[in-house]
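**Student:** okay, sequence plus prediction incoming.
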Amino acid sequence: MSDAPLHRLFYHFSEMPYSLRCLYTATLLVLGAGYLFALIYLFHSYSGKDGNPMTLSYEDVVIAYSGSGKDSRLESALRGSMAAMLPQDEVKTLVSWVRDGSDRASYEKTIKQMLDKRCITCHDGSNPHLVNLSGYDNLKKVTEKETGKGIFTLVRVSHIHLFGLTFVFFLVGTIYSHAYVRPVWFKCTVITMPFICLTLDIGSWYFTKLYPPFAWVVMIAGGGMGLSFAYMWVISIYQMWFARTPPAIADRVG
């Protein structure tokens, strides 16, 4: 199969007009930037839940989907994505208040003023995607034990990822399909791999809530998606603009 003849409908990048190559290149550049920003956001959202904000670990993923089993949602956020939003002395005050029972009197005396100054600008309830921290009753909800992302949240995020990333990998895979890569089975595997990894990744979000070791599947599948994207991106750009025309293509063109 490594010496499979060229399919009659296969067109290499070198056989395409410059206008189409420019379109493909612009698409890859924008998608590449978008994927990079998505990785930065992913790291910011999940790292630090285990107490170490400099790494994205297995424990971070477990806590994100199944909870820590001991800390509250507020404590997890203060150690993770919200760690830089408050001075450390105020973080300690909030954590101590939660662990002491999060009573209303201390909230009215100390905690409310702190949150009004640092948090309410974003967490006032106007954005449905952010936790509402206005008022004691709303704050009390996030002082309960961390149980990870709720099922409804996972469903909402799942359908966004399934639609969005399928479209992204369809575009990248379509462009990459014009690259000359042998053996053919390897090329087909690379095109198919991100869709398999996407399904495993999102499916494992739910299984991690039931059995934490599935977090490894989330991490491995996410890495597989990234590697597939990077490989198709690099090969496509290289063959479009820098590589010599493969002999099989040159012979066909004459």
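**Tutor:** That came through fine.
**Student:** all helices for the stretch 151-254 of the chain, in order.
**Tutor:** 151-176, 184-210, 215-241, 247-253 (DSSP state H, counting those that start in this stretch).
**Student:** need the ones you listed in CSV with distance to residue 109, can you?
**Tutor:** Backbone N, C-alpha and C define where each C-beta goes, glycine included. Formatted as CSV, the helices of the stretch 151-254 of the chain follow (distance: least, CB to CB, whole Å):
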stretch, distance to residue 109
helix 151-176, 33
helix 184-210, 37
helix 215-241, 40
helix 247-253, 76
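**Student:** break this structure into its domains for me.
**Tutor:** The chain breaks down by automatic domain parsing into domains covering 13-45+149-253, 71-141.
**Student:** closest to residue 64 out of the ones you listed?
**Tutor:** domain 13-45+149-253 (6.5 Å; CB to CB).
**Student:** pLDDT averaged over that closest one - what is it?
**Tutor:** The average pLDDT for domain 13-45+149-253 rounds to 94.
**Student:** now tabulate the helices of the stretch 151-254 of the chain in TSV and tack on mean neighbour count.
**Tutor:** Shown next, in TSV, are those (neighbours: other CB atoms under 10 Å):
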stretch	mean neighbour count
helix 151-176	15
helix 184-210	17
helix 215-241	18
helix 247-253	13
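**Student:** to residue 130, which of these lies closest?
**Tutor:** Among those, the nearest to residue 130 by CB to CB is helix 151-176 (12.3 Å).
**Student:** model confidence score at residue 125, please.
**Tutor:** With respect to pLDDT, residue 125 scores 81.
**Student:** quick one: it and residue 138, what's the gap?
**Tutor:** 7 Å (CB to CB, to the nearest Å).
**Student:** residues that sit against both of those two, list them.
**Tutor:** Common contacts of residue 125 and residue 138 (CB atoms under 8 Å, 6 or more residues apart in numbering): residue 132.
**Student:** circling back to that earlier point, nearest to residue 6, of the helices of the stretch 151-254 of the chain?
**Tutor:** Checking those against residue 6 by CB to CB gives helix 247-253 as the closest, at 5.9 Å.
**Student:** that older thread, of the helices of the stretch 151-254 of the chain, which is nearest residue 8?
**Tutor:** helix 247-253 (9.8 Å).
**Student:** tell me what the closest one is packed against?
**Tutor:** In terms of contacts (3 or more CB pairs under 8 Å, 6 or more residues apart in numbering; DSSP states H and E), helix 247-253 is packed against no helix or strand at all.
**Student:** which SS class is residue 149?
**Tutor:** Three-state assignment for residue 149 (DSSP: H, G, I helix; E, B strand; the rest coil): coil.
**Student:** quick one, what contacts the residue nearest to residue 139 when sequence neighbours are not counted?
**Tutor:** Leaving aside its sequence neighbours, residue 139 sits nearest to residue 133 (CB to CB, 6 or more residues apart in numbering; 5.4 Å). Counting by CB under 8 Å, 6+ apart, residue 133 makes contact with 115, 119, 120, 123, 124, 139, 142.
**Student:** part of a strand, is the fifth one?
**Tutor:** No: counting by three-state DSSP, residue 124 falls outside a strand, being coil.
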